[in-house]
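> Got a sequence here, can you model it:
(one chain, ligands or ions: 1)
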Amino acid sequence: MGQPSSREKNTVEGEKEETPKTIATQENTEKQPTGLLQRQDKNSGKPRRSFWVRFKTFTFEPPKKVIVEGDTIRLVPILPEPETAVVEKDIPATTEEFTADTAEVPIGKNEAESQTLIPPEELISPLPEAVLAEEPVKIKEESPVATEKLKKGMEKTRNRFWSRLKGLFSFKRGIDESTLEELEDILLGADIGAKSVQKLIHELREAWKSKMITETSQIRDFIKNKLKESLRSPQIDINYSHTSPTVILVVGVNGVGKTTAIAKLANIFIQDGKKVMVAASDTFRAAAVEQLDIWSKRIGAEIVKHQTGSDPAAVAYDALEASIARGIDVVIVDTAGRLHTHENLMNELSKIKRVISKRIPGAPHEVLMVLDATTGQNALSQARMFNQAVNVTGIFLAKLDGTAKGGFVFGMRNEINIPVKYIGLGEKADDIEKFDPDAFVNALFE
Ligand SMILES: Nc1nc2c(ncn2[C@@H]2O[C@H](COP(=O)(O)OP(=O)(O)OP(=O)(O)O)[C@@H](O)[C@H]2O)c(=O)[nH]1
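Sure, this is the predicted structure:
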């Protein structure tokens, strides 16, 4: 028996970990199954713990301070001295623990929506009348060619994917069952996900049997086209409102890159000539508001913030009022990535969403979920949970530059029908690209 893994430690021990966010990521990276169907631990054969059981390992984190380093702004945990660490000090009396029994129970929409809603008029004092923009926001066309930034950002994924695949196509030979088996292994190793690989191999076998393709050299383009097709979506753009403001609610667990994603999004909207406001509705931690504040000043976005611990829905409501009064084009609402319990978090997100749609019918026009690409297939469980509570309309895939597991985008699309809309390719405000399926697949093969 070796040392217990951090998954097996209790919450208090998890608190004492030096870098809880990184640990969660490393675990996910190291223990990643190659297929979606694999739900048992490879060594022990025991069932793997659910996402929410693992989620509790980063539910209780030390407070953080904001560190500004050149072009990046990050939160760094303020770690207590080991001998003086008192975990209870940071956890309010209302804190509940996740248990293995309750962790699996998803929060249904109805349950979330049955929460008491504070009437908006009690949340804030009234602000000036609405000033609506007359012109719909224009959407910029993007080229399907992979940019240098995209190619560089996807270097690790490409190495894992294409370096093995190209061996198969390096000389002309006929196709047989062993070719398909070899290809299947390579695709599974590229984190594409078991279901997607099965589908791809099935289609390839059909094409081979019908003599549509006969040589290995033809497989490359066949796979490329199929992968592109699998990612296309009619809703790949942000769902802009015809009347301003367009409201984007941003959700995701802590540490995935949510704040940085908001800054990146705000930055591209501003560069596109839009007036942007961010709502600091992650009132759970002071450092989160501070980090957003620094980003906003740097990129030129307006910000609405309240005190730590205040009602996040009230912050969102205030931001909507202010944005209408000031003719803002896009409002981006930040939210907490963790609360004392998963249930509290989902209820809070549902409430923020209800308050937004009560003030602006049809809003939020986009619910973007930020996922950390380095967590590979585990990001799927997060997406499913959040989707149940707030109906996610698009994915912002952060940290694609830091992983070789970018292939999981295909499995994700196959498993949950939510389109990826943006990708994060670094820590700076301009390390962002609008997701283009053709460019993405091209970057995998170039
Ligand atoms: N390499 C890389 N790092 C990123 C990217 N996006 C964010 N990061 C880094 O990831 C870390 C966490 O990012 P944050 O934006 O603070 O994440 P968050 O989800 O807001 O985290 P909390 O505020 O702790 O909930 C920071 O160090 C960021 O600089 C990305 O696309 N690529």
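
> Show me which residues of the stretch 1-150 of the chain are close to the ligand?
Within the stretch 1-150 of the chain, the positions lying close to the ligand (Cβ under 6 Å from any ligand atom) are 72, 74-75. All C-beta atoms are positioned from the backbone trio N, CA, C, and that covers glycine.

> And for the stretch 251-400 of the chain?
By Cβ under 6 Å from any ligand atom, the residues of the stretch 251-400 of the chain that approach the ligand are 254-260, 288, 337, 398-399.

> Could you dump these into CSV with pLDDT, neighbour count and secondary structure added?
Shown next, in CSV, are these (pLDDT from 0 to 100; neighbours: other Cβ atoms under 10 Å; DSSP: H, G, I helix; E, B strand; the rest coil):
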residue, pLDDT, neighbour count, secondary structure
254, 89, 24, coil
255, 90, 19, coil
256, 93, 28, coil
257, 93, 22, coil
258, 95, 27, helix
259, 94, 27, helix
260, 95, 25, helix
288, 88, 25, helix
337, 88, 23, coil
398, 95, 28, strand
399, 94, 25, coil
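
> Tell me which two in those residues are the farthest apart.
Greatest spatial distance among these (Cβ to Cβ): 288 and 399, at 18.1 Å.

> tell me the contacts of residue 440?
Residues in contact with residue 440 (Cβ atoms under 8 Å, 6 or more residues apart in numbering) are 146, 150, 154, 231, 409, 423.

> how close does it get to residue 371?
Applying Cβ to Cβ, to the nearest Å, the value for residue 440 to residue 371 is 15 Å.

> same deal with residue 199?
22 Å.

> Show me which of the two is the more surrounded one.
Just comparing residue 199 and residue 371: by other Cβ atoms under 10 Å the higher neighbour count belongs to residue 371, 31 against 16.

> In three-state terms, label the more buried one for me.
Under DSSP: H, G, I helix; E, B strand; the rest coil, residue 371 falls in the strand class.

> If I follow the layout properly, it ends up in contact with residue 398?
Yes: the pair residue 371 / residue 398 is scored as a contact, 6.9 Å apart, by Cβ atoms under 8 Å.

> For residue 416, list the residues it contacts.
Applying Cβ under 8 Å, 6+ apart, one finds that residue 416 lies in contact with 380, 383-384, 387.

> Would you mind checking those residues for buried ones?
Taking 16 or more other Cβ atoms under 10 Å as the criterion, what is buried in the contacts of residue 416 is 380, 383, 387.

> quick one: the strands in this protein?
Assigned by DSSP state E, the strands in the chain fall at 64-69, 72-77, 246-251, 276-280, 302-304, 330-334, 366-372, 394-398, 420-424, 432-434.

> Out of the ones you listed, which is the most enclosed?
Mean neighbour counts were compared across these using mean count of other Cβ atoms under 10 Å; the top stretch is strand 330-334, at a mean of 29.

> Quick check: mean pLDDT of it?
Across strand 330-334, pLDDT averages out at 98.

> Tell me the helices and strands packed up against it.
If you count contacts as 3 or more Cβ pairs under 8 Å, 6 or more residues apart in numbering; DSSP states H and E, strand 330-334 packs onto strand 246-251, helix 258-271, strand 276-280, helix 312-326.

> Tell me which of the buried ones among the contacts of residue 416 has the lowest pLDDT.
Ranked by pLDDT, these bottom out at residue 380, which scores 87.

> what's near enough to touch that residue?
By Cβ under 8 Å, 6+ apart, the contact set of residue 380 is 36, 408, 411-412, 415-416.

> Please tell me how far it sits from the ligand.
With the distance defined as Cβ to the nearest ligand atom, to the nearest Å, residue 380 ends up 18 Å from the ligand.

> same check, this time on residue 349
The gap separating residue 349 from the ligand is 14 Å, by Cβ to the nearest ligand atom.

> how many neighbours does that residue have?
Applying other Cβ under 10 Å, I find that residue 349 has 24 neighbouring residues.

> Show me what the longest helix along the chain packs onto, helices and strands only.
For the chain, the helix with the greatest residue count under DSSP state H is helix 342-359. Packed against helix 342-359 by the contact rule (3+ Cβ pairs under 8 Å, 6+ apart) you find helix 109-113, helix 120-123, strand 246-251, helix 312-326, helix 379-390.

> Check the ones you listed for me and report the most buried one.
The highest average neighbour count among the helices and strands packed on helix 342-359, using mean count of other Cβ under 10 Å, belongs to strand 246-251 at a mean of 27.

> who does that strand pair up with?
strand 330-334 (parallel), strand 366-372 (parallel) (DSSP bridges).

> Output the ones you listed in a markdown table; the columns should cover distance to residue 294.
Output for the strands paired with strand 246-251, formatted as a markdown table (distance: least, Cβ to Cβ, whole Å):
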| stretch | distance to residue 294 |
| --- | --- |
| strand 330-334 | 13 |
| strand 366-372 | 18 |
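
> for the ones you listed, which one sits closest to residue 346?
Closest to residue 346 of these is strand 366-372 (Cβ to Cβ; 12.8 Å).

> residue contacts, residue 204?
Residue 204 neighbours (Cβ under 8 Å, 6+ apart): 180, 183, 213, 219, 222-223, 226.

> how much space is there between it and residue 181?
11 Å.

> and what of residue 366?
Distance, residue 366 to residue 181, by Cβ to Cβ: 42 Å.

> same deal with residue 356?
51 Å.

> Please say which of the two ends up with more neighbours.
Using other Cβ under 10 Å, the more surrounded residue of residue 356 and residue 181 is residue 356, with 26 against 11.

> so the more buried one makes contact with residue 363?
Yes: between residue 356 and residue 363 there is a contact under Cβ under 8 Å: 5.1 Å.

> Residue 166: how many residues sit nearby?
Residues contacting residue 166 under the criterion other Cβ under 10 Å number 12.

> what does the one 3 residues further on give?
Residues near residue 169, counting by other Cβ under 10 Å, number 18.

> residues in contact with the closest residue in space to it that isn't next to it in sequence?
Once flanking residues are discounted, residue 169 sits nearest to residue 220: 5.0 Å by Cβ to Cβ, 6 or more residues apart in numbering. The neighbours of residue 220, taking Cβ under 8 Å, 6+ apart as the test, are 165, 169, 445.

> Let me know the pLDDT of residue 325.
Reading off the model, residue 325 has pLDDT 96.

> for residue 211, that is, sorry about that
For residue 211, the model assigns a pLDDT of 87.

> and if you look at residue 265?
Here, the pLDDT recorded for residue 265 equals 97.

> In contact with the residue nearest to it when sequence neighbours are not counted: list those residues for me.
Of all residues not flanking residue 265 in the chain, residue 332 sits nearest, at 6.1 Å (Cβ to Cβ, 6+ apart). Residues in contact with residue 332 (Cβ under 8 Å, 6+ apart) are 248, 250, 262, 265-266, 276-279, 301.

> how far away is residue 332 from residue 293?
Residue 332 is 14 Å from residue 293, by Cβ to Cβ.
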